[in-house]
Each structure stands twice: as structure tokens, then as C-alpha cells.
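# coords below, sequence missing:
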């Protein structure tokens, strides 16, 4: 099967398994990433090692028509910032990191943790003009526990997505022709800064969820005088009778303490001031 691949490194495992399943990757389209939290290094290396054209830009309708004339049979999209133009003469499969129709939207993974949900999933679906609305080809659920954070969820999603891509490409026509329409859906907006900022009013259980939901990305501690500390891989360690960060009673020795990895102390913790 001749395909073009759209995506950056977040779901990179999908790309080599498509090749391993017998696909010829004709061209790759990736994104201009910040190289801090998001990268396209692995995708670009895959293309370079195989002398495959790699475009770091938005795919256009002209690109789709050109690919079709060259014999491309489908596009696989696995993590791609840009909206893909739809021409129904060329199938487009999208890998979405939620159990559609719940969790439409660009970044559903943190929302799962922020809401305390115990299940998420991965869905392969037909791409349509409406975001994440296409018929479902294949999907798989997985449990989300209190031990999971954004990083562990992403690892699970990558494993499942790679497995589903292999299954779909090996019986592509069957899955495409028997895709199931989505029912009533739930759209999740991308989290805004207020949702990944810990303030003096943030309860301990909310603090713990925020740190897990954005683990590996930036979240913020809002200190006195509106000063902020950026936390990328924070961990939450409550003491007995924990209270919101900044509560007056928090200053009482031994009452509670938070600290995060990276040497940042949120509240003094007896005998651990140097952590």
C-alpha cells in the first residue's frame, strides 16, 4: 500500500510499524516544533535514512492531488498540528488519542486526568472536515490510574496506536468499508493556562492532578506578588492534613508540605529543606 504520513514525534511508533506492515511511505509531512516539549527529529530521521521527501509545513490540496497522481492510496495522520484538506477520493486515516466520540479536540489527554476519569483510549477514524468527526475504523480502550501522568499515558497511547495501525493497514479495505459512524459526541477544548496554574486556592487533590496532567510540559506555581515558577516534571508529596498551597496554617511546622522535583520547595518541609 502506498501512503503518505503526517505527524511529528509524539506518535512516532505509528510510522515504522506502517512500513513494517508493508506500506511504502512515499512522502512525509511534519510540523515545525519548538524542540523543547515537542520534536520532529525521529520522523525527519526516518525519512532521511530512506531518502523519502520530508516537508516541514502544512499539507495542501495540491499536495493531495499530486500524491494521488503518483499512486498514493491513503494518508495516515498521527499527531499533526495543521488541518488537513479533505478530498474524499483519497482516504485519510487519523489517529486520535481518546475513545471517540468522547474527547474530540486537539489535546484530550490532560483533560482525562484533570477530570479524574478512569478510562481513555485510542481511535483510528476517517478524517472529515469537522474535527475528529469521521467514522470509526478501529479503537481500543485502556485504564487510567492515579499513578498515570501525561507521559505514561502517551506511552500507552503510542503502543496501542501502533498496534491499531498495523491491523488497519493489513485489512484496509475491510475496515474502511465497514467504518462505524460516531454517535453523540463530547468536544474538549484545549486546556488554558488557568487550568495548569497552581495558586494559593488550589486544593491538594487538584494540585496533584495538575502536576500529573501536564507532566513533561509546563505548568505554573503562582507565588506571592504574582511571581511564577514553571514546573515541567513536578511531583506531589502531601503531608498529613494537607491544605491548599499558601494557606495560613501551612506555615505551622509539620502540618503539611509540598515539594516538586528539580529542587523547588513550595513549602518548608522539616529536615528536607535542601531537596
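Here it is on my side, so go on. These numbers were taken from a predicted model, which means no experiment stands behind them.

# residue ranges for the strands of the chain, please.
For the chain, the strands defined by DSSP state E occupy 2-6, 24-30, 54-56, 74-77, 92-96, 102-104, 119-126, 136-143, 186-187, 197-198, 219-222, 228-231, 259-260, 264-265.

# of the ones you listed, which approaches residue 167 most closely?
strand 136-143 (6.2 Å; CB to CB). Glycine gets a C-beta too; all of them are placed from N, C-alpha and C.

# Can you report how many residues lie near residue 216?
12 (other CB atoms under 10 Å).

# related to what we said a few turns ago, need the winner for burial among the strands of the chain.
Most buried of the strands of the chain by mean neighbour count (mean count of other CB atoms under 10 Å) is strand 92-96; its value is a mean of 25.

# Please enumerate the helices of this protein.
14-20, 41-49, 61-69, 109-114, 150-170, 172-177, 204-213 (DSSP state H).

# Now render the ones you listed as a markdown table, adding distance to residue 226.
Converted to a markdown table, the helices of the chain look like this (distance: least, CB to CB, whole Å):
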| stretch | distance to residue 226 |
| --- | --- |
| helix 14-20 | 42 |
| helix 41-49 | 36 |
| helix 61-69 | 46 |
| helix 109-114 | 23 |
| helix 150-170 | 26 |
| helix 172-177 | 52 |
| helix 204-213 | 18 |
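
# so what's residue 93 up against?
Counting by CB atoms under 8 Å, 6 or more residues apart in numbering, residue 93 makes contact with 74, 75, 76, 77, 124, 125, 126, 127, 137, 168.

# For it, list each beta-bridge partner.
residue 76, residue 126 (DSSP bridges).

# any idea how far it is from residue 199?
Using CB to CB, to the nearest Å, residue 93 is found at 42 Å from residue 199.

# same deal with residue 44?
Taking CB to CB as the measure, residue 44 falls 39 Å from residue 199.

# Per the annotation, how does this protein divide into domains?
Using automatic domain parsing, the domains assigned to the chain come out as 2-187, 193-265.

# Any stretches of the stretch 101-250 of the chain with poor pLDDT?
Along the stretch 101-250 of the chain, the model assigns pLDDT under 70 to residues 238-250.

# from what I can see residue 122 touches residue 157, true?
Yes: contact status for residue 122 versus residue 157: in contact at 5.5 Å, counting by CB atoms under 8 Å.

# list residues touching both of these two?
residue 97.

# Stretch 75-82: end-to-end distance?
With CA to CA, to the nearest Å as the measure, stretch 75-82 spans 14 Å from end to end.

# contacting residues around that stretch?
Taking CB under 8 Å, 6+ apart as the rule, stretch 75-82 contacts 3-11, 14-15, 18, 29-31, 58-59, 64, 67, 84, 90-95, 127, 161, 165.

# mean confidence score for that stretch?
The average of the pLDDT scores along stretch 75-82 is 96.
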